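Colleague: Here you go, sequence then predicted model.
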Amino acid sequence: MPDCRAPVAVFDSGLGGISVLRELVRTLPRENYLYFGDSLHAPYGTKTPQEVITLSLQAADRLLAQGAKALVVACNTVTSAAIATLREHYPQLPIIGTEPALKPAVERHPGGRILVMATAMTISERKFSDLREHYQQDAEIIPLACSGLMEFVERGELSGPNLEAYLHEKLDLCLRQPVDAIVLGCTHYPFLAGAIRKVAGPRPEILDGSHGITIQLRRRLEEQGLLKP
C-alpha cells in the first residue's frame, strides 16, 4: 500500500502538462508532485497509437519506480490512445486521464456552437467520438485538428506573428459564424490562450480540462485513503 506522503506523478508528452500541474498545486497544495514531460519524443499527436502506448508505459514505469502513488495523464493524446492499456497494466494505481472540457462547455452554453481545438490523434480516436456523440444533442460541436500548434509551446513561442498567422489559418473559417466556447483539447494550448483570444475576439469562452482533473484526482485519492492530510 503506497504511503499517502508519496508523490502524485504527472505525465505529458512535453511542457503542456505543466498547465495541469499548476492547477493541481493550486487546488491540492499539500500533495507532493513528480512531473515528467517527454519533450525528447514530442509531439505524440503525429505518432501511431502503438508508439504512444509504448512511450506511455515507459514513462509510467519510470515514475512508479520513484514511488508515485497516483498517475495523472496530463495529455489528451495519451489519454485517447493509451489510458486503457495503462489501467490494464496497473490495475491498483489511481490513473486520471484528460479529456476535452465538453461537459462544462455544453452546460454553460446549451444549444450553442462549441469549437474543440485538439491534436489530430485526439480527434480521430474513439474516446473523443464517444464524448462528442454524448453531447451533440445539446450543442453543435465542431472539432478542429491543430497539428503543429503544440510545437509553438515546446519552442517557447507563446506569441508573435508566426503563431498569429497559424491561428488565423486555423480559426478564421470556423469563426465566420460566431462560436460560444472554445475548448482547448490539448494541455499545451492553455499557454496559448492569450494568442487564441486575440484571434478569436472577446466573445467565446475559453475552457480547458485542468479543473476537472483535480476534482477527479481528489476523489480517487480519498477513495483509496491516499490524500495527504
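Modeller: Received the coordinates, thanks.

Colleague: alpha carbons only for contacts and neighbour counts from here, please
Modeller: Noted.

Colleague: Doesn't residue 167 lie inside a strand?
Modeller: No. Under DSSP: H, G, I helix; E, B strand; the rest coil, residue 167 falls outside any strand and is assigned helix.

Colleague: Measure how buried it is and give me the count.
Modeller: Residue 167 has 18 neighbouring residues, counting by other C-alpha atoms under 10 Å.

Colleague: surely it meets residue 199?
Modeller: Yes. Counting by C-alpha atoms under 8 Å, residue 199 is a contact partner of residue 167 at 6.9 Å.

Colleague: Compute the number of surrounding residues for residue 91.
Modeller: Counted with other C-alpha under 10 Å, residues neighbouring residue 91 total 10.

Colleague: so it, which of the three states?
Modeller: Classified using three-state DSSP, residue 91 is coil.

Colleague: can you start the count at 48 instead of 1 from here on
Modeller: With the count now opening at 48, the last piece we talked about shows up as residue 138.

Colleague: Check it and give its pLDDT.
Modeller: pLDDT recorded at residue 138 is 95.

Colleague: for this protein, longest helix please?
Modeller: Identified as the longest helix of the chain according to DSSP state H is helix 96-111.

Colleague: Now that one - C-alpha only, PDB.
Modeller: Listed in PDB are the C-alpha atoms of helix 96-111, where the atom choice follows Å, rounded to 0.1, in the frame of the first residue of the first chain:
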ATOM      1  CA  PRO A  96      -1.300   4.800 -31.300                       C
ATOM      2  CA  GLN A  97       1.000   1.900 -30.600                       C
ATOM      3  CA  GLU A  98       4.000   4.200 -30.400                       C
ATOM      4  CA  VAL A  99       2.100   6.400 -27.900                       C
ATOM      5  CA  ILE A 100       1.200   3.300 -25.800                       C
ATOM      6  CA  THR A 101       4.900   2.200 -25.800                       C
ATOM      7  CA  LEU A 102       6.200   5.600 -24.700                       C
ATOM      8  CA  SER A 103       3.400   5.900 -22.100                       C
ATOM      9  CA  LEU A 104       4.200   2.500 -20.500                       C
ATOM     10  CA  GLN A 105       7.900   3.500 -20.300                       C
ATOM     11  CA  ALA A 106       7.000   6.800 -18.700                       C
ATOM     12  CA  ALA A 107       4.700   5.100 -16.200                       C
ATOM     13  CA  ASP A 108       7.400   2.600 -15.200                       C
ATOM     14  CA  ARG A 109       9.900   5.400 -14.700                       C
ATOM     15  CA  LEU A 110       7.500   7.300 -12.400                       C
ATOM     16  CA  LEU A 111       6.400   4.300 -10.400                       C
END
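
Colleague: next structured bit after it?
Modeller: strand 117-120 (DSSP states H and E).

Colleague: chain center to that next one: distance?
Modeller: 12 Å (C-alpha atoms, centre = their mean, to the nearest Å).

Colleague: Got the confidence number for residue 92?
Modeller: 82.

Colleague: Equivalent analysis for residue 71, please.
Modeller: 97.

Colleague: Tell me who's in contact with it.
Modeller: 257, 261 (C-alpha atoms under 8 Å, 6 or more residues apart in numbering).

Colleague: Pull out the buried positions in the helix or strand where it lies.
Modeller: In the assignment (DSSP H and E), residue 71 maps to helix 65-74. Within helix 65-74, the residues that qualify as buried by neighbour count (16 or more other C-alpha atoms under 10 Å) are 65, 66, 67, 68, 70, 71.
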